[in-house]
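Trainee: requesting a structural model of the entry that follows:
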Amino acid sequence: MVKQITYYKDFNIIKSHQKSIILIGNFDGLHLGHQKLFNKAKDYKKKKKLKIGVITFDPIPKMFFSPKLKNYRISNLNQKIELLKKFNVDFIINKKFDKKFSKIDCKRFVKEIIHKKLKARLIFVSNNFRFGNKREGDVNLLKSLEGKYNYKIINPSPLKRKSKIISSSLIRKFLENGKINLVNKFLDRNWSIEGIVSRGRMMGKKIGFPTCNIDIGNYVISKPGVYAVKIKNVKSKKTFKGIANLGYRPTFDQKKILLEVNIFNFSGNLYNKKLTVEFIKFIRSEKKFKGIGQLKRQIQLDIKSAKKI
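Mentor: Numbers count the residues shown, from 1 in each chain. Predicted structure coming up:
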């Protein structure tokens, strides 16, 4: 049975959720480093018999402060919530990050929100956690106020693999370089994009390879190219294998980034359906072909490669 999570948009939580374990962060992608934090929180939950709550922000603060930064997220909000269900979380506070909230004094945040509204008992944060106006609040400030506000800070050492700290920034870098194998390893699952199928110019159908066109929204742009993928219809839960091109379709002189998915052995109408596209393996970089014939031959080779995976 899937655990039900209480969802809040502000800090006015019910009494039974006060005096809980609170984890604060963006948790973009919920990678292995985040999972270490959540697994430790689960241990404390069992030991202390407390509930677990998560404070996260939308938009991600960096996107708020950099309006031109359009493609940044590893996972969308819906994916984040679904992933949090697996870590025995009781409630989520998804705080809108706006100008007013960004200006809150860091000590006021601790006093008014952490102490008075949440009455937090244990607070889990990463070592590089910053908060409050001009990012003046940090782990040291939180620790200095432990006695005054009756909470305990838990900030485990970051998770490393081959001397590299596993972080959302590292995973974005891997995606941009097409290292999908490392991305999936550090996420402990296949990286995926969730989106609605829209009508395009039907170029794929015209050349014999019909595709589902999906706008990638504000997901980070993985290295443009061809990928072996797995597709899931979010509503029906049916899954299929396929191939995807993420890029600008240089042969057709397109300017906008688009995800085009060809589903193997499928016929049917998927317009306006929500699909999850899991990226399994990077096959090749995007390239411009001299003509449609050359493109078709390459697509046939790509499909052959993807079916072997």
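Trainee: which parts of the stretch 201-309 of the chain are helices?
Mentor: For the stretch 201-309 of the chain, the helices defined by DSSP state H, counting those that start in this stretch cover 203-206, 292-307.
Trainee: lowest-pLDDT helix or strand in the chain?
Mentor: Taking mean pLDDT, DSSP states H and E as the measure, the chain has helix 203-206 as its least confident helix or strand, at a mean of 60.
Trainee: how distant is stretch 37-56 from the center of its chain?
Mentor: 21 Å (Cα atoms, centre = their mean, to the nearest Å).
Trainee: likewise for stretch 58-72?
Mentor: For stretch 58-72, the distance to the chain centre is 14 Å (Cα atoms, centre = their mean).
Trainee: repeat for stretch 193-200
Mentor: 17 Å.
Trainee: next: stretch 264-283.
Mentor: 19 Å.
Trainee: need the CA coordinates for that stretch. CSV is fine.
Mentor: Extracted C-alpha coordinates of stretch 264-283, given in CSV (Å, rounded to 0.1, in the frame of the first residue of the first chain):
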residue,chain,number,x,y,z
PHE,A,264,8.6,0.1,-30.5
ASN,A,265,5.7,-2.1,-31.7
PHE,A,266,3.1,0.5,-30.7
SER,A,267,0.1,1.9,-32.5
GLY,A,268,-2.4,4.2,-30.9
ASN,A,269,-3.2,7.8,-30.0
LEU,A,270,-1.2,9.2,-27.1
TYR,A,271,-1.9,12.9,-27.7
ASN,A,272,-2.5,14.8,-24.4
LYS,A,273,-1.4,11.7,-22.4
LYS,A,274,1.2,12.1,-19.7
LEU,A,275,4.2,9.9,-20.3
THR,A,276,7.3,9.2,-18.2
VAL,A,277,10.4,8.6,-20.4
GLU,A,278,13.3,6.8,-18.6
PHE,A,279,16.7,7.3,-20.1
ILE,A,280,18.6,4.0,-20.3
LYS,A,281,21.6,4.5,-22.5
PHE,A,282,23.2,7.3,-24.6
ILE,A,283,23.6,6.0,-28.1
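Trainee: pLDDT of that stretch, averaged?
Mentor: In this model, stretch 264-283 has an average pLDDT of 92.
Trainee: report the buried residues of it.
Mentor: 270, 275-283 (16 or more other Cβ atoms under 10 Å). No exception for glycine: its C-beta is placed from N, CA and C like everyone else's.
Trainee: now stretch 176-193
Mentor: Quick answer for stretch 176-193 (16+ other Cβ under 10 Å): 178-180, 182-184, 186-187, 190-193.
Trainee: in strands, which of those appear?
Mentor: The strands, defined by DSSP state E, take in 192-193 from those.
Trainee: just the element for T56, please.
Mentor: Assigned by DSSP states H and E, T56 belongs to strand 52-58.
Trainee: which residues in this structure form strands?
Mentor: Using DSSP E, strands in the chain cover 6-8, 21-24, 52-58, 91-96, 122-124, 152-154, 160-161, 164-165, 192-198, 212-214, 225-233, 239-247, 258-263, 274-285.
Trainee: dump these to CSV, plus distance to N76.
Mentor: Formatted as CSV, the strands of the chain follow (distance: least, Cβ to Cβ, whole Å):
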stretch, distance to N76
strand 6-8, 15
strand 21-24, 19
strand 52-58, 10
strand 91-96, 12
strand 122-124, 23
strand 152-154, 28
strand 160-161, 25
strand 164-165, 24
strand 192-198, 6
strand 212-214, 12
strand 225-233, 15
strand 239-247, 16
strand 258-263, 14
strand 274-285, 10
